[in-house]
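Asker: next one to model:
(chains A and B)
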Amino acid sequence: MKKVGGRLALLVLVVIASLIFFIPSYPPFYQALPGWLKQVLPSKGITLGLDLQGGIHLVMEVDEDRAIEIAVDRAVVSLQDVLVDKKIPVESVARTGPTQVTIQFQDAELKAQIQKLINDYPIFSETESAGSANRLVWELRESEAKRIKDSTINQALETIRNRIDQFGVAEPIVQRQGLKQIVVQLPGVKEPKRARDLIKETALLEFKMLDEDNQPKLDLPARIPKDSEAEILKQFEAKLPIGDQILFERGVDKDTGREYRVPYLVKKRVMLTGDVLSDAQVSIGQFNDPYVSMTFDSKGGQEFERITGDNIKKRMAVVLDNTIYSAPVIQDRITGGRAQITGTFSMQEANDLAIVLRAGALPAPLKIIQDLTVGPSLGKDSIEKGVQATLFAGAMVVVFMIVYYRMSGVIADFALVLNLLCLIGALSALNATLTLPGIAGIVLTIGMGVDSNVLIFERIREELRSGKGVRLAVNGGYDKALLTIVDSHVTTLITGVALFLFGTGPIKGFAVTLCLGIGINLFTALIGTKVIFDLLNQRQKVERLSI
Amino acid sequence: MLEILGKTNFDFMGKRYLAFAFSGIMVLLGIVAIVQISRGAANLGIDFSGGTAVQLKFDQAIRIDEARKVLEANGLDNAELQEFGQDNKLLIRLKASTTIEEKIADRVVAVFAKEFPSNHFVVDSSTEIGPTIGRKLQEDALIAVVISFAGIILYVAARFELRFGIAAALATFHDVLAVLGAFYILDKEITLLVVTALLTLAGYSMTDTVVVFDRIRENLRMRRRESEETIINNAVNQVLSRTIVTSLTVVLVLIPLALAGGEVLHDFSLALLWGVIFGTYSSVFVASPLLLLWPGASGKMLKRSYPESRAR
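Answerer: Sure, this is the predicted structure:
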């Protein structure tokens, strides 16, 4: 017979290691430990999955096509400015396709002059076949389109990270997934809607001039109800002066509390964008209303000074994501590089606005394609129920084994406890994420864990029936059951691995517990219980085995 | 020595045509379910089909028909409602694969806040899944199924004989299809978790089959003179009690999980529970008789590949 000592030592070692790794997973106990001990012990245990501690899991897709359109639009606006500066009279400059810009002009002699401007816009190439004596067509180069797409997602990642950092979430995950997806995980977030809005907001800040010369001619209504913006846009679409657009300011009626919109005629040309901000903070105004005060960087400050100086007594709109927040009259040249966004918002809205302005604008809108939000109460519920079910299931199996296999059942139950201990220890050591299906995996391990012992015990019974002595029967039982047990475990392991490779989130958690459970199972069944039997046999000659 | 069954001598192999008929029906159901799933006509969970699910926990009980009326009045038609009575929980599912930009979850929450002002609630969970994600998950699930089946067949074929591998794989297919068919007939939602359960039960039902096959292999090598049908039948009888006890222990843990594990795990454990029962049945009534359909090479390969293993 083989020596028991080595295996017994191994068993004790594994139990101790499991306990040590498990300690950080049980915070009430871990926190009570003295400091020096905490330094020696591992500091991280099992993390709870989003489904157990609450939180959000978002998968977003960057609207790449829109990012390209935005880049082309920017070029169009800048080209318009250049043409005005150089006093080249053109009929129109417009984006006429996702990546196409068309310049129309009456005087055919201007063509050569405009053609030369493309040197300042290397992202375009001229499509000669689409042009004519009075028309030039530029097309965004494909290499540029690719570069824009790539930088868009990186910029979006960066921006979202910034925002989440400022929002303050413990252990957030912000990752790129595939070519154009971004995964954001915020465990334990208490206000999911607020967090989601904060991430998703494009936060493109623009300063634009109102077209006060043309506004009276257009006869826009003074106030319209919320959600009727589309009708107004349609109604006035044909009458819009070239280079103008209609934007809305949002407001709340103080008496009725109802939201309304004020339409303004605004020049499309962007005077300044949020890129030049160096800081944004919430301040409280004289009527206790919060507003956001912004500080420009030095270049932005100079620019702002020039713009305000040039437009005294005119109205400038502060536009965020195509909504006007305010449209004050410029009283004087504004020096010192500061500006404010006022409007009707709550303290929290002002706070979030400051965060997104500080973190910068997203390069393109994001589309949420998956959104899993779990409230903290459900998570707590799930843990309670999961633990209850586990204990109950464990009790059923423990009792059954003792009733069916008597003393040997007790040994199998010992293996079961060992099994659970090692599994939790291993999960802690790997800093695995425990999900609700993961708990199910643990419960399943309980059920399958005793199976190996059932196979062994049935074999031992068979050997005993054939008239063998206890020691021979035990050894024979283990030997003969071995291959069956290995075979049956490997088949389950194969599915476990497939689930791990192709599962996401909670499923992966299940696969991890399942695979670990199977491995540990083999260990406890083949070494754990065998050691006990051998010990029993070693002490005295066992005449009858309680099985 | 407590035994559920003593020494048995049932004629399992003789009943094989009856079993084949029953299993044939279950497999057919499963195939219908698969066809319906691929046509999009089955009750697919929103993780596959895309859509919105919101679970609310109310302070007071809420009636399903009232909730439905309120949702319809606010333009949220064909919502599927499910209540979890004891906790005043209501699950609202909308499969409309509209764009997620509309924030249907927020709309649902707003509707209930407006229409039931006196019945306070908290949002337990909300899930919105775009159609592209659903398709990706479907693909991944399919790949996982194919890989695990291929892996199992290869492993069993390598450890036993090819016909054992094929028979075991067919039996496992049978179990998965039967549970899938049962889910389809009962119009239960097929979610990602249910598919996970199906894969797990595939692995587990194989465990059961391996136990029986192992004994068949052993007996085939020892008793050359009896007919293969007798050998197989005896082997099944010899391991019958352990087949039942091993399944019983798993059933014992799955019952509390299904009853008390909470709503998320309910269908998951139910699928596993049925799967274990079908798996036990199929090891005896499907996998073993299938070996008889393909005799021929009986024992030759076994002899070659395991000359020494049982000699100790």
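
Asker: okay, CA-based contacts and neighbour counts for the rest of this
Answerer: Fine.

Asker: any idea which residue is closest to the centre of chain A?
Answerer: Nearest to the mean C-alpha position of chain A, by CA atoms, centre = their mean, lies A:Val184 at 0.7 Å.

Asker: check contacts around it.
Answerer: Contacts for A:Val184 (CA atoms under 8 Å, 6 or more residues apart in numbering or on different chains) come out as A:56-59, A:172-175.

Asker: at 6 Å instead, please
Answerer: A:57-58, A:173-174 (CA atoms under 6 Å, 6 or more residues apart in numbering or on different chains).

Asker: let's have the residues you listed in a markdown table, adding distance to A:Leu198, secondary structure and pLDDT.
Answerer: Putting the contacts of A:Val184 into a markdown table (distance: CA to CA, whole Å; DSSP: H, G, I helix; E, B strand; the rest coil; pLDDT from 0 to 100) gives the following:
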| residue | distance to A:Leu198 | secondary structure | pLDDT |
| --- | --- | --- | --- |
| A:His57 | 14 | strand | 90 |
| A:Leu58 | 13 | strand | 91 |
| A:Ile173 | 15 | strand | 89 |
| A:Val174 | 14 | strand | 92 |
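
Asker: distance to chain B for those residues - can I get that in a markdown table?
Answerer: Shown next, in a markdown table, are the contacts of A:Val184 (distance: CA to the nearest CA, whole Å):
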| residue | distance to chain B |
| --- | --- |
| A:His57 | 9 |
| A:Leu58 | 9 |
| A:Ile173 | 19 |
| A:Val174 | 18 |
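
Asker: and the chain, what are its domains?
Answerer: Using chain A. A:5-49+A:375-539, A:65-144, A:204-342 (automatic domain parsing).

Asker: the intended chain is chain B.
Answerer: B:13-42+B:133-303, B:51-128.

Asker: quick check, pLDDT for the closest residue to A:Gly528 other than its chain neighbours.
Answerer: Nearest residue to A:Gly528 in three dimensions, chain neighbours excluded: A:Ala415, at 6.2 Å (CA to CA, 6 or more residues apart in numbering or on different chains). Turning to A:Ala415, the model gives it a pLDDT of 90.

Asker: so which elements touch the one helix or strand A:Ala415 maps to?
Answerer: If you go by DSSP states H and E, A:Ala415 is part of helix A:376-429. Secondary-structure packing of helix A:376-429 (3 or more CA pairs under 6 Å, 6 or more residues apart in numbering or on different chains; DSSP states H and E): helix A:5-22, helix A:50-53, helix B:228-260.

Asker: that older thread, need the buried ones from the contacts of A:Val184 selected in ChimeraX.
Answerer: Buried residues among the contacts of A:Val184 (16 or more other CA atoms under 10 Å in any protein chain shown), as a ChimeraX selection:
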select /A:57,58,174
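
Asker: nearest residue to B:Ile4 in space, please, no chain neighbours.
Answerer: B:Ser241 (6.8 Å).

Asker: can you put the domains of chain A in CSV and add distance to B:Val194 and mean neighbour count?
Answerer: Shown next, in CSV, are the domains of chain A (distance: least, CA to CA, whole Å; neighbours: other CA atoms under 10 Å in any protein chain shown):
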stretch, distance to B:Val194, mean neighbour count
domain A:5-49+A:375-539, 11, 20
domain A:65-144, 37, 16
domain A:204-342, 42, 16
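
Asker: for A:Glu158, find the nearest of those.
Answerer: Nearest of the domains of chain A to A:Glu158, taken as CA to CA: domain A:204-342 at 14.4 Å.

Asker: the stretch 51-200 of chain B: strands as residue ranges?
Answerer: Assigned by DSSP state E, counting those that start in this stretch, the stretch 51-200 of chain B shows strands spanning B:51-58, B:79-84, B:89-94, B:121-129.

Asker: buried set for the last one?
Answerer: The neighbour-count check on strand B:121-129 (16+ other CA under 10 Å) flags B:121-129 as buried.

Asker: what lines up beside it in the sheet?
Answerer: Using DSSP bridges, strand B:121-129 pairs in its sheet with strand A:366-374 (antiparallel), strand B:51-58 (antiparallel).

Asker: what's in contact with the last one?
Answerer: This means strand B:51-58. The contact list for strand B:51-58 (CA under 6 Å, 6+ apart) reads B:88-97, B:120-129.

Asker: how far away is the closest residue to chain B within the stretch 201-350 of chain A from A:Ala359?
Answerer: Closest residue of the stretch 201-350 of chain A to chain B, CA to the nearest CA: A:Glu201 (12.3 Å). Distance, A:Glu201 to A:Ala359, by CA to CA, to the nearest Å: 11 Å.

Asker: the two: which is more packed in?
Answerer: Comparing A:Glu201 with A:Ala359 by other CA atoms under 10 Å in any protein chain shown, the one with more neighbours is A:Ala359, at 23 against 18.

Asker: okay, the more buried one: pLDDT?
Answerer: 84.

Asker: repeat for B:Met1
Answerer: For B:Met1, the pLDDT comes out at 66.

Asker: what do you get for the one 5 residues further on?
Answerer: We note a pLDDT of 70 for B:Gly6 in this prediction.

Asker: can you tell me, leaving aside adjacent residues, what's nearest to it?
Answerer: Once flanking residues are discounted, B:Gly6 sits nearest to B:Ser241: 7.9 Å by CA to CA, 6+ apart.

Asker: again with A:Pro363
Answerer: Nearest one to A:Pro363, counting by CA to CA, 6+ apart, is A:Thr152 at 5.8 Å.

Asker: repeat that for A:Leu48.
Answerer: With CA to CA, 6+ apart as the criterion, A:Leu48 has its nearest non-adjacent residue at 4.9 Å, and that residue is A:Leu434.

Asker: correct me, but the one you found touches A:Leu50?
Answerer: No: between A:Leu434 and A:Leu50 there is no contact under CA atoms under 6 Å: 9.0 Å.

Asker: what does the stretch 1-150 of chain B have sitting close to chain A?
Answerer: B:2, B:124-130, B:140, B:144, B:148 (CA under 6 Å from any CA of the partner chain).
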